[in-house]
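Engineer: Kindly generate the corresponding structure for this input.
(3 chains)
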Amino acid sequence: MARPAHPQAMQPVKPGRTRTAPPTMPPQFPMTGRYRAYTLFDATGFLYLFVGFVALRVVWALGTGSAAWANIQQQLANPLYIGFHVITLAAVCFVAVRFFGLFPKAQPPRIGPLKPPPGPVIVGMLYAAWIGITVLMSAALMGGIS
Amino acid sequence: MSDPPKKTFVITRFDPDVDEVPKTQSYEIAVDPDWKVLDAVNYIKDEVDGTLSHRWSCRMAVCGSCGMMVNGEPRLTCKDSVSQYGDTVEITPLSNFPVIRDLVVEMDGFMDKFKKVKPWIIRAKELAAEDGPVRQSPEELEEFKQFSMCINCMLCYSACPVVSNEPEFLGPAAIALGHRYNVDSRDEGASERNAIFRGEGTVFSCSFANECSEVCPKNVDPAAAVNQAKFNAVIDWATGLVLPSGEKE
Amino acid sequence: MEIEVLRHDIVIVGGGGAGLRAAIAVAEADPSVSIGMVSKVYPMRSHTVSAEGGAAAVARDDDDFEMHGYDTVKGSDFLGDQDVIQYFVQEAPKELALLEHWGCPWSRNEDGTVATRAFGGMSTKRTWFATDKVGFHMLHALFQHSMRFDQIVRYDEQFVTKLLVDGNTIRGVAALDIREGVMRLVLGRAVVLATGGGGKAFPFTTNGNIKTGDGMALAYRAGVALKDMEFVQYHPTGLPGTGILITEAARGEGGYLRNADGERFLVERDYGVGTKAELGPRDMISRAIIQEIEAGRAVTQGDWGEHVYLDLTHLGEEKIQSRIPMVRELSKLYVGVDPVHDPIPIRPVVHYMMGGIDTDIEGGTSIDGLYAAGECASVSLNGANRLGSNSLTECLVFGARSGRKALEFARGASEGDESSLRSEGANEAGRVDALRAKTSGTEKISGLRRALNDTMESGCGVYREEVQIQASVDTVQEIKRRFEDVEIQDHSKVFNTELISVLELSNMIDISEALTSCAVVRKESRGAHTRRDFPNRDDQNFLHHSLCHFDSTGPKVSTKPVTLGKWEPEERKY
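Structural biologist: All right, here's what the predicted structure looks like:
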């Protein structure tokens, strides 16, 4: 038996004239079929939360002094941290690819006087921007190190 | 000739005057491989068990009556070949809807949502029959045509995870319909509907699961409509900040 | 228990094209009038939704009312009333323009004007279309437009079982609430019936499950005559097996009909359609296909029985996809053929009833305050054979007119005596309750339905003959007797669809009675009524409408004059 949905889901404003059985959720939700991808997509939010905490710690350490900075750098070299960052990278790629795939159809047929370019062009632009920004940031970061 | 294959249909039964909660009943019948799932349900109704209730009419995928969950997926049963399923086929009423009886779900909640988006042409000045048809280029027609193809079968509501959890959510088909009028060159009511779309439980409740578009039997792509409506609702809001009201087109 | 009474000024039965148009007409004419719309399905499920090819109205410079009128008269085999036809052709463009204003996505020419296509029996391109989902778009545009009027109160999924008539004045209807299983009275000072046809009396039909002739049977039992019921339109191109419609627009866009030898038989042989070929009227083309089948030139291999081909392969994918996408969708889905590459198997299929509730030009019937429009009515626009794409427009033109006329009538009408209506309603509720509670029957619903279907097909097919029609007359009476012993398995109240099936079956039996009774007395061939034993049209003896009145002793058939006009009957050749 599928799990119950919100008891008020799809209930009319005026109560039905006969007793009804309560609505149930789609049986595959949230972990089977296509819902798995959607659930994972949503779940990546937790990873970003953790990444945020880590980033705050790093910034805090930088502000505290060189000993703290060295300490945090040592901690970040821990395989657990590296593993976490690899998973996060995979999650970001997954979200980006999924989002880029859906993004073109979210463009209205016209935005004021402008017409958005065709779907494949939009997708191309998104990937180009992603790669471009990644390259730029990497260059800036590496330049900063040397 | 070999015997026709048999399949077992496990169907939800619920009579509110008798059953506290829905139960299931199995029917083993010989199926014609050319049948759609609806034909099997009709066969059971006609020849095996007259007490089974379901809705159907056109049997050509345009009236939108016969949506059911088949093996856990929302399907238009007149479109679905019985041969694509295994020996056991589970048929339940559409998810996310209260159930009136057997495979019959409550539709009035959908009708309420439907009306909320003002699904009609809004014009500052009404036209008379004598004015003749308004011109519309094939390109302008193309901009909303796809979103006018919705047959109100409600499969998208059954698939949508937001509908499951947020009763106020207008849902895919209703928003797609409102958006259909917003992008119709003959309509002048977009700002009214955009104001509705900026309210609670409308376009911004959508998490773009895209399930509505996955299950839509008419390729309406309601997820596209809902997310385009987000875009337009924001642009409409922003232009409202810049331009005093009345100067917008 | 006291029966619940609901009151409106106007009651409309049916929420399809004609019913919605009538409701909108009333709502726009007088916002203070309350309208009750009773429909056995939610309006967007109504069978108007399945219409495909288009709606006719003069639109082009090379066309005029005269031409549309003459085409319609000739198509009707001179049994259409010419005053009705003239009114119709003049109103048609206005109605389709209104639908445009209400959002119908008509297909367009490059300059933004509404596009038109060729259709059978029409002498120029005058069929407005929205690809090949015209009924769907029209119905949804009408329904959505109707939602702006709060005075239109809908009673969805309520099944009317009886017209309440007091003396000779309509007072309202008794309706079964399908969801609750209780009867209510919906009273009004005028009633418009717009319940569609009854193609489901036949086994092989384009019609959906809901097309059971309910309104026709209601009026018939209330004493209104059914007119011209013998004229049943066979659409030439139905998919074998299911009977699903492949629109005439497929031929309008250039499709060919071919026999097993690949011949375009309408061109190769003389079937009376002349150079119109595939764009001849439906009655003639259906006969041609049957003759090809009888001459042994049909396709016999495969699962689909005897059939011929509708060949669209020369049109190309782009044209098929842009003009008739639904043809492709339906062919792929229901016969597994992609018309871009292969011809579609087709055979003639019951599609439309030219006959129906006898009305005058305003939709008025012989009962004061009772109106009818759409397929359930016979306003005598279509005579003996309807031209494709005239019926969607008919729903609008005569839906609107009957709505306006009902409003006019209601303004001067009084309300009935409620206590006597209540007792009549209680009797009706008792009848329906007894039917639901019945435990004694032995006749299966599906068995009776099949028996009715079989006899209607054998007696009232494309070609008919005295012996078979008479056999059908007798068989329908026998089925009527057997129906008394119908078996009901479902005695529950909530959403009892079996009870609805029984009521629908009873309606189909009644209209079949009228249909066969009219068919047997029309000893001539005219339009869709083709007798092998009387192969010619006989204007001397049969240039008149048939009327069939209900009587407890059996149907009474009589005649009614045709309204002629500027077009004198002539030989019908294209």
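Engineer: which one is residue C:80 nearest to, not counting chain neighbours?
Structural biologist: residue C:383 (3.6 Å; Cβ to Cβ, 6 or more residues apart in numbering or on different chains). Just so you know, the C-beta spots here come from the backbone N, C-alpha and C atoms, and that holds for glycine as well.
Engineer: and the one you found, that's in a strand?
Structural biologist: No - under the criterion used here (DSSP: H, G, I helix; E, B strand; the rest coil), residue C:383 is coil, not part of a strand.
Engineer: is it true that residue C:508 lies in a helix?
Structural biologist: Yes - under three-state DSSP, residue C:508 sits within a helix.
Engineer: That one and chain A, how far apart?
Structural biologist: Distance, residue C:508 to chain A, by Cβ to the nearest Cβ, to the nearest Å: 28 Å.
Engineer: go on, residue B:78?
Structural biologist: Distance from residue B:78 to chain A, by Cβ to the nearest Cβ: 21 Å.
Engineer: Compute the number of surrounding residues for that residue.
Structural biologist: 28 (other Cβ atoms under 10 Å in any protein chain shown).
Engineer: Might one say that it is in contact with residue B:56?
Structural biologist: Yes - if you go by Cβ atoms under 8 Å, residue B:78 and residue B:56 touch, sitting 6.9 Å apart.
Engineer: Can you get me a residue count around the closest residue to residue C:501 other than its chain neighbours?
Structural biologist: Leaving out its chain neighbours, the residue that sits closest to residue C:501 by Cβ to Cβ, 6+ apart is residue C:445, at 5.4 Å. Using other Cβ under 10 Å, residue C:445 has 21 neighbouring residues.
Engineer: quick revisit: what residues does the residue nearest to residue C:80 make contact with?
Structural biologist: For residue C:383, the contacting residues are C:73, C:75-81, C:228, C:231, C:354, C:527, C:562, by Cβ atoms under 8 Å, 6 or more residues apart in numbering or on different chains.
Engineer: and which of those is nearest chain B?
Structural biologist: residue C:354 (21.6 Å; Cβ to the nearest Cβ).
Engineer: is it true that that closest one touches residue C:528?
Structural biologist: Yes - using Cβ under 8 Å, residue C:354 is in contact with residue C:528, at 6.7 Å.
Engineer: Spit out the residues that contact these two alike.
Structural biologist: What both residue C:354 and residue C:528 touch, as defined by Cβ under 8 Å, 6+ apart, is the set C:231, C:232, C:233, C:384, C:385.
Engineer: Identify each buried residue in the lowest-mean-pLDDT helix or strand in chain A, please.
Structural biologist: Across the helices and strands of chain A, mean confidence by mean pLDDT, DSSP states H and E is lowest for helix A:119-145: a mean of 91. Of the residues in helix A:119-145, A:122, A:126 count as buried by neighbour count, 16 or more other Cβ atoms under 10 Å in any protein chain shown.
Engineer: Run the contact check for it versus chain B.
Structural biologist: No - using Cβ under 8 Å from any Cβ of the partner chain, helix A:119-145 stays clear of chain B, coming no nearer than 10.3 Å.
Engineer: what comes up buried for stretch C:459-471?
Structural biologist: C:459, C:460, C:461, C:462, C:463, C:464, C:468, C:469, C:471.
Engineer: Those residues: which two are farthest apart?
Structural biologist: Spanning the widest gap among these are C:462 and C:471, at 16.9 Å by Cβ to Cβ.
Engineer: Could you confirm whether the strand or helix carrying residue B:194 reaches chain C?
Structural biologist: In the assignment (DSSP states H and E), residue B:194 maps to helix B:190-197. No - against chain C, helix B:190-197 shows no contacts by Cβ under 8 Å from any Cβ, the least distance being 12.1 Å.
Engineer: What lies in contact with that helix?
Structural biologist: The contact list for helix B:190-197 (Cβ under 8 Å, 6+ apart) reads B:116-118, B:122, B:175, B:178-179, B:181-182, B:202-203, B:229-230, B:232-233, B:236-237, B:240, B:248.
Engineer: could you redo the last one with a cut-off of 10 Å?
Structural biologist: For helix B:190-197, the external contacting residues (Cβ atoms under 10 Å, 6 or more residues apart in numbering or on different chains) are B:116-119, B:122, B:170, B:175, B:177-179, B:181-184, B:187, B:202-204, B:226, B:229-230, B:232-237, B:239-240, B:245, B:248-249.
Engineer: Show the average pLDDT along that helix.
Structural biologist: Confidence for helix B:190-197, expressed as mean pLDDT, is 96.
Engineer: quick one: buried residues of that helix?
Structural biologist: B:190, B:191, B:192, B:193, B:194, B:196, B:197.
Engineer: repeat for stretch C:420-440
Structural biologist: Those would be C:421, C:422, C:424, C:425, C:426, C:428, C:429, C:432, C:433, C:435, C:436, for stretch C:420-440 by 16+ other Cβ under 10 Å.
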